[in-house]
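1. Here is the input, now give the coordinates:
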Amino acid sequence: MKVADVGRDIRIIALEGVISSSIEAELGALIADETGKGKSHVILDFQAASSMDNTALSMLVRLHNTARYNGQKLTAAGLRGRLLNAFHLARLDEGIPCFDDMAAALRSAGYTGLPPQDLTEPSAIASEAAYDPWAAPVSRLQVKTMPKGAVNLNVKGRKVAGPMQGFGQLWQKTYRISLPGSTVPAQAISILKENFTRFQPPANRFYPPPDGIKPGEVILINADTPGGLIVTGVVALYSSLNSFTFITPQGHPEAGWVTFSSFREGDTTIVQIEGLARAGDPIYELAFRIAGSRLQQGIWTHVLQSMLKHLGVEGQVQVTPLCLDKHVQWARFFNLLLNAQILTTLYMPVLLCRRLFKRQ
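-> Numbering: from 1, shown residues only. Presented below is the predicted three-dimensional model:
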């Protein structure tokens, strides 16, 4: 990782290799230390980056939040291929503007001189023949197959919505269990994928497609909540051997993503669920503050407890909630027009009539 300061107000940070949360501490220090705070513009240079995994999504949102808190503007330059695709998929580019090259990024920061020379060497774009863990880019969601018993509402035709598109406070919530070292991470994730529906609490009905959890697939959700039935879904944004990530559609109670991963810590295999999201709109934010947050915690705790029971392992679920931003995003107030809970309630008489006439 190389750093170049341009003029008085611009810092360029050149990234290399595979981009993941493993570089977050170093990268965050370059943005938030005393020398970095003096810069009003921070440009992340991706020219020498070869790929990005799903942990980088949350890292970039957290860094964007840090920069915004410091009065800085965070931008990205040199993205291409799958890196650019990932930014578009997660709608990160709506909060972190992306530029084709460093010259364009510098112009956006008000600098008209030449970019620094020899900061990075552009990397080769990964072969398109290799397995791509990221979903293919789509502007609007489509449901390819309708699982038996599922209701399809509030998903088709919607865009995805990440933390930058949400209304409420930004929360990171982490749930963990420990498994014996004989269970390797890839095996743990395979078990979680195969039993994802069975591990849910009874009120949560997930309908994965016949081919299972794969990048780009839509998983419909019909769930009973204290506010009544809600029909929504999630999209598999990323899926690899050791992890997978769901992102929410517009109108979902949360705007963000949840990542399921497994990794080794010493002789122990850790299975982790980490959500990074804001409540989707003002109504959901109020509901989360009253009871929704506890209900959500109960869902993911139940999933991991079910996994422990399935494996015949004793253990406790460790829960770590962390509020990253106490402010709400008032510019997203009108997200409530797509509120899935309200629209489901309005649709229920139509659904009941359809089912009634179908029986006759």
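
2. Quick check: next helix or strand after the helix or strand containing residue 310?
-> In the assignment (DSSP states H and E), residue 310 maps to helix 293-311. Going down the chain from helix 293-311, the next helix or strand is strand 318-325, by DSSP H and E.

3. Direction included, what does that following strand pair against?
-> As defined by DSSP bridges, the strand partners of strand 318-325 come to strand 170-180 (antiparallel).

4. in the partner strand, what's buried?
-> 170, 171, 172, 173, 174, 175, 176, 177, 178, 179 (16 or more other CB atoms under 10 Å). The way it works is simple: take the backbone N, C-alpha and C, and place the C-beta from them, glycine included.

5. Could you do stretch 313-328 as well?
-> 315, 317, 324, 325, 328.

6. For the first one, give me its contacts.
-> By CB atoms under 8 Å, 6 or more residues apart in numbering, the residues touching residue 315 are 177, 178, 179, 308.

7. next one: phi and psi at it?
-> phi 170, psi 170 (degrees, to the nearest 10).

8. and the buried residues of stretch 313-328, which two are the farthest apart?
-> 315 and 328 (36.0 Å; CB to CB).

9. circling back to that earlier point, state the mean pLDDT of the helix holding residue 310.
-> The pLDDT scores in helix 293-311 average 96.

10. And it, what does it pack against?
-> Judged by 3 or more CB pairs under 8 Å, 6 or more residues apart in numbering; DSSP states H and E, helix 293-311 is in contact with strand 170-180, helix 185-194, strand 268-279, strand 318-325.

11. Could you rerun that using 7 Å?
-> If you count contacts as 3 or more CB pairs under 7 Å, 6 or more residues apart in numbering; DSSP states H and E, helix 293-311 packs onto strand 170-180, strand 268-279.

12. Now tabulate these in a markdown table and tack on mean pLDDT and distance to residue 37.
-> What follows is the helices and strands packed on helix 293-311, written out as a markdown table (pLDDT from 0 to 100; distance: least, CB to CB, whole Å):
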| stretch | mean pLDDT | distance to residue 37 |
| --- | --- | --- |
| strand 170-180 | 97 | 21 |
| strand 268-279 | 98 | 24 |
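
13. Which among these is found nearest to residue 298?
-> Once the helices and strands packed on helix 293-311 are compared by CB to CB, strand 170-180 is nearest, at 10.7 Å.

14. didn't residue 140 look like it was pressed against residue 159?
-> Yes. Applying CB atoms under 7 Å as the test, residue 140 and residue 159 come out as touching, 6.4 Å apart.

15. Comparing these two, which residue is more hemmed in?
-> residue 159 (14 against 10; other CB atoms under 10 Å).

16. ok, residue 99 - how many residues close by?
-> 18.

17. Which strand or helix spans the nearest residue to it once chain neighbours are set aside?
-> Sequence neighbours aside, residue 105 is the residue nearest to residue 99 in space, at 4.1 Å (criterion: CB to CB, 6 or more residues apart in numbering). Per DSSP H and E: residue 105 is located in helix 102-108.

18. next one: that helix to chain centre, how far?
-> 28 Å (CA atoms, centre = their mean, to the nearest Å).

19. Stretch 133-146 too?
-> 15 Å.

20. do the same with stretch 82-98
-> With CA atoms, centre = their mean as the basis, stretch 82-98 stands 12 Å off its chain's centre.

21. Distance to residue 220 and pLDDT added to the buried residues of stretch 313-328, as JSON lines?
-> Compiled in JSON lines, the buried residues of stretch 313-328 are given as follows (distance: CB to CB, whole Å; pLDDT from 0 to 100):
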{"residue": "315", "distance to residue 220": "31", "pLDDT": "94"}
{"residue": "317", "distance to residue 220": "26", "pLDDT": "97"}
{"residue": "324", "distance to residue 220": "29", "pLDDT": "96"}
{"residue": "325", "distance to residue 220": "30", "pLDDT": "96"}
{"residue": "328", "distance to residue 220": "29", "pLDDT": "97"}
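
22. just curious, which of those is nearest to residue 202?
-> Closest to residue 202, out of all of those and judged by CB to CB, is residue 317, at 18.2 Å.

23. Look up the residues forming beta bridges with residue 6.
-> Here residue 6, judged by DSSP bridges, has bridge partners residue 10.

24. quick one: pLDDT of it?
-> At residue 6, pLDDT is 91.

25. Same question for the one 10 residues further on.
-> Among the per-residue scores, residue 16 holds a pLDDT of 92.
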